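In: No sequence on hand, only this structure:
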């Protein structure tokens with residue numbers, strides 16, 4: 001999917017997946033709902049394949065959108081899947097992907113989750129020394145040699161990321177300076193230590209910063225690889241590719257990222273780690289712009305000169321769009337009146353949800369065509385961290401439907 005295509009979808013949503021929006025709403029049978037466009041997913045991954053060097057394996061981070069149908073579709077287009085819970089692991093394995101192309105990351109994995117992962121044969125990205133000892137004990141009990149990689153908390157930070165997940169003190173991974181000692185401790189253990197997972201931050205739109213982080217990540221991995229008991233066979237460089245959510249956001253320069261990775265592979269990684277599968281792991285960048293949240297206007301009201309469109313959805317389904325998921329200064333996601341895209345935007349309105357809280361705000365002072373009860377409001381960039389990142393039980397409203405079209 002080109003960035004032009006993504007931008008066009010923001011302002012023209014008469015159809016999703018080739019289905020007219022009003023007809024799709026009838027087909028789904030209710031509002032609100034999330035709709036994910038399979039053709040856009042395929043185009044997005046094709047765009048990545050064209051830009052990234054052939055020596056890069058592409059992994060999908062299931063946590064971005066774990067809907068089984070979405071994961072099933074994506075699994076046939078990427079090289080591997082990364083999960084963050086046992087439930088996500090089962091969704092990944094149900095696709096039929098080989099277990100050795102599933103990785104399991106995240107702090108605080110329980111003994112039960114680790115047991116499931118070891119029994120399945122997936123790669124566990126170890127987050128602590130305690131987790132390493134648990135893995136050894138479970139492997140001995142099951143008579144299985146666990147497949148593991150060390151998740152490293154790097155000794156640098158990435159500026160410009162929406163969420164920093166590396167550098168400084170972190171709950172994620174093992175501090176880089178402690179990794180050599182851990183590897184020495186594990187040298188005699190019955191573990192298949194494959195390599196490293198190094199992930200420093202997410203939602204970054206600055207290609208120059210990402211390129212610098214990738215270089216630092218490769219340099220760190222090469223230093224640490226000297227302490228591995230066997231040649232590295234796995235190196236996850238993370239991801240962090242951002243998508244534009246707001247009016248002034250510029251799309252990521254993917255070509256610059258690809259050229260940088262090509263150079264890193266040729267000049268640094270391949271000479272030192274010829275057998276390593278080098279992975280870029282992406283979630284939001286794959287699914288974020290391929291999803292739409294559709295909610296219906298149930299009331300239109302005036303309050304002291306301000307117009308409100310009250311919809312049947314809200315932050316309990318789409319927390320991020322309400323500004324309560326990672327935003328310091330609240331800004332609107334792109335929205336449209338999906339069944340009136342040909343009409344001129346002549347009104348300034350606020351789109352609010354049905355919850356009894358002032359936080360339930362999907363658009364504040366948006367310029368939109370005149371809308372009334374029954375019209376369909378579409379929130380764009382809704383493919384990642386939407387339903388499963390939202391407080392669906394808040395105020396006990398019904399859950400939305402998800403469809404892949």
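Out: In hand now; what should we look at? Just so it is clear, the structure is predicted and the values come from calculations on it, not from any experiment. Numbers count the residues shown, from 1 in each chain.
In: elements contacting whichever helix or strand residue 132 is part of?
Out: Per DSSP states H and E, residue 132 falls inside helix 129-142. Here helix 129-142 touches helix 111-120, strand 123-126, helix 179-185, going by 3 or more CB pairs under 8 Å, 6 or more residues apart in numbering; DSSP states H and E. Where C-beta positions appear, they are placed from N, C-alpha and C, glycine not excepted.
In: between these, which one is nearest to residue 277?
Out: With CB to CB as the criterion, residue 277 lies closest to strand 123-126 of these, at 10.3 Å.
In: in its sheet, what does the closest one sit against?
Out: Applying DSSP bridges, strand 123-126 is found paired with strand 102-104 (parallel), strand 147-153 (parallel).
In: Determine which stretch of the helices and strands packed on helix 129-142 is the most buried.
Out: For the helices and strands packed on helix 129-142, the largest average neighbour count (mean count of other CB atoms under 10 Å) is found in strand 123-126, namely a mean of 27.
In: Need the contact partners of that strand.
Out: Contacting residues not belonging to strand 123-126 are listed as 100, 102-106, 109, 114, 117-118, 131-132, 135, 146-151, 174, 194, 197, 234, 236 [CB atoms under 8 Å, 6 or more residues apart in numbering].
In: mind checking how far residue 75 is from residue 81?
Out: Note on residue 75: its distance to residue 81, by CB to CB, to the nearest Å, is 6 Å.
In: Are there residues contacting both of these two? Which ones?
Out: The contact lists of residue 75 and residue 81 share 60, 92, 95, 97, where a contact means CB under 8 Å, 6+ apart.
In: From those, which land in helices?
Out: Among the shared contacts of residue 75 and residue 81, DSSP state H puts residue 92 in helices.
In: quick one: which of the shared contacts of residue 75 and residue 81 is nearest residue 27?
Out: Nearest to residue 27 among these: residue 95, at 24.9 Å, using CB to CB.
In: Distance of that closest one relative to residue 288?
Out: 20 Å.
In: go on, residue 21?
Out: From residue 21 to residue 288 the distance is 20 Å (CB to CB).
In: which one of these two has more residues nearby?
Out: residue 288 (27 against 20; other CB atoms under 10 Å).
In: And the pLDDT for that one?
Out: You'll see residue 288 listed with a pLDDT of 97.
In: Make sure it is actually in contact with residue 243.
Out: Yes: contact between residue 288 and residue 243 holds when scored by CB atoms under 8 Å: they sit 4.5 Å apart.
In: what residues are shared contacts of those two?
Out: 381, 384.
In: hang on, the earlier thing: residue 75 and residue 81: which is more packed in?
Out: Ranked by neighbour count (other CB under 10 Å), residue 75 and residue 81 place residue 81 first, with 25 against 21.
In: what about the more buried one, which SS state?
Out: Look at residue 81: counting by DSSP: H, G, I helix; E, B strand; the rest coil, its state is strand.
In: so what's it closest to, chain neighbours aside?
Out: Spatial nearest neighbour of residue 81, chain neighbours left out: residue 92 (4.3 Å); criterion: CB to CB, 6 or more residues apart in numbering.
In: residues contacting that neighbour?
Out: 62, 71, 75, 81, 83, 102.
In: Mind doing that once more with 6 Å?
Out: 62, 81, 83, 102 (CB atoms under 6 Å, 6 or more residues apart in numbering).
In: Kindly report the same for residue 171.
Out: Contact analysis of residue 171 by CB under 6 Å, 6+ apart lists residue 107.
In: try 10 Å
Out: 106, 107, 108, 127, 128, 153, 165 (CB atoms under 10 Å, 6 or more residues apart in numbering).
In: which of the residues you listed are buried?
Out: 106, 127, 128, 153, 165 (16 or more other CB atoms under 10 Å).
In: Enumerate the positions of the longest helix along the chain that are buried.
Out: In the chain, taking DSSP H as the definition, the longest helix is helix 207-225. By neighbour count on 16+ other CB under 10 Å, the buried set for helix 207-225 is 207, 209-211, 213-214, 216-218, 220-222, 224-225.
In: Same question for stretch 53-66.
Out: Using 16+ other CB under 10 Å as the test for burial, stretch 53-66 gives 53, 56, 57, 58, 59, 60, 61, 62, 63, 64, 65, 66.
In: Would you mind giving these as TSV with pLDDT added?
Out: Converted to TSV, the buried residues of stretch 53-66 look like this (pLDDT from 0 to 100):
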residue	pLDDT
53	97
56	98
57	98
58	98
59	98
60	98
61	98
62	98
63	97
64	97
65	98
66	98
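In: Look up the residues forming beta bridges with residue 149.
Out: residue 125, residue 195.
In: mind giving me the domain split of the chain?
Out: 105-282, 288-404 (automatic domain parsing).
In: among these, which is nearest residue 87?
Out: Among the domains of the chain, if distance is taken as CB to CB, the winner is domain 105-282, at 9.3 Å.
In: Count the residues that sit near residue 334.
Out: Counted with other CB under 10 Å, residues neighbouring residue 334 total 21.
In: I meant residue 271, not that one.
Out: 10.
In: Quick one: residues contacting it.
Out: Applying CB under 10 Å, 6+ apart to residue 271 gives the contacts 222, 265.
In: okay, it: pLDDT?
Out: Looking at residue 271, the pLDDT reads 96.
In: Backbone dihedrals for it, please?
Out: Per-residue torsions, residue 271: phi -60, psi -30 (degrees, to the nearest 10).
In: quick one on the thing from earlier: which one among the buried ones among the contacts of residue 171 gets closest to residue 179?
Out: For these, the nearest to residue 179 is residue 153 (9.1 Å; CB to CB).
In: Is that closest one in contact with residue 179, as I believe?
Out: Yes: in this structure, residue 153 is within contact of residue 179 by CB atoms under 10 Å, at 9.1 Å.
In: How about the secondary structure of the residue nearest to residue 22 when sequence neighbours are not counted?
Out: Among residues not flanking residue 22 along the chain, residue 339 sits closest, at 5.4 Å (CB to CB, 6+ apart). Secondary structure state of residue 339, per three-state DSSP, is helix.
In: ok, now which ones touch the spatially closest residue to residue 272 that is not a sequence neighbour?
Out: What sits nearest to residue 272 in space, not counting adjacent residues and going by CB to CB, 6+ apart, is residue 222, at 5.2 Å. Contact partners of residue 222, counting by CB under 10 Å, 6+ apart, are 232, 235, 268, 269, 271, 272, 273.
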